[in-house]
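Engineer: Sequence plus the predicted model coming up.
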Amino acid sequence: MAEGNENEQMTSDEMRQAEELKKKIISQILSKGAIERLGRIKLVKPELAAQIEIYLIQLYQAGKITRALDEEQLKIILEGIASAKKGFNIIK
């Protein structure tokens, strides 16, 4: 029983560390205004906000983000993601 709890605790710790790392990276690559906008998105559409965070972190890790993005640049990324979602049509 104790071993199962240890595994669950490790997973919880790893998830917490991953979340902290994600927040740290986001704070480095977004301006204060962009972070606030992302926070508002997170309140309304948490899934979309998570998707945006993952996308931004991937861009950062690929070296495509070299300085902090401002709110206007984040809006452009949001528009790109929104238009990409609208472009999918499933035909049966």
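Structural biologist: Happy to help now that I have it.
Engineer: Just give the number of residues close to Ala84.
Structural biologist: Ala84: 9 surrounding residues under other CB atoms under 10 Å. Where you see a C-beta, it was placed from the backbone N, CA and C, and this is true even at glycine.
Engineer: Go ahead and list the helix or strand containing it.
Structural biologist: In the assignment (DSSP states H and E), Ala84 maps to helix 71-86.
Engineer: cool, Lys22 as well?
Structural biologist: Taking DSSP H and E as the definition, one finds Lys22 inside helix 2-29.
Engineer: From what I see, Gln73 and Arg37 are in contact.
Structural biologist: No - here Gln73 does not reach Arg37: they are 10.6 Å apart, not a contact under CB atoms under 8 Å.
Engineer: of those two, who's got more company?
Structural biologist: Neighbour totals were compared for Gln73 and Arg37, and Arg37 leads with 20 against 15 (other CB under 10 Å).
Engineer: hmm, back to that, what's next to the helix holding Ala84, contact-wise?
Structural biologist: With contact meaning CB atoms under 8 Å, 6 or more residues apart in numbering, helix 71-86 is reached by 30-31, 33-34, 36-38, 41, 48, 51-52, 55-56, 69.
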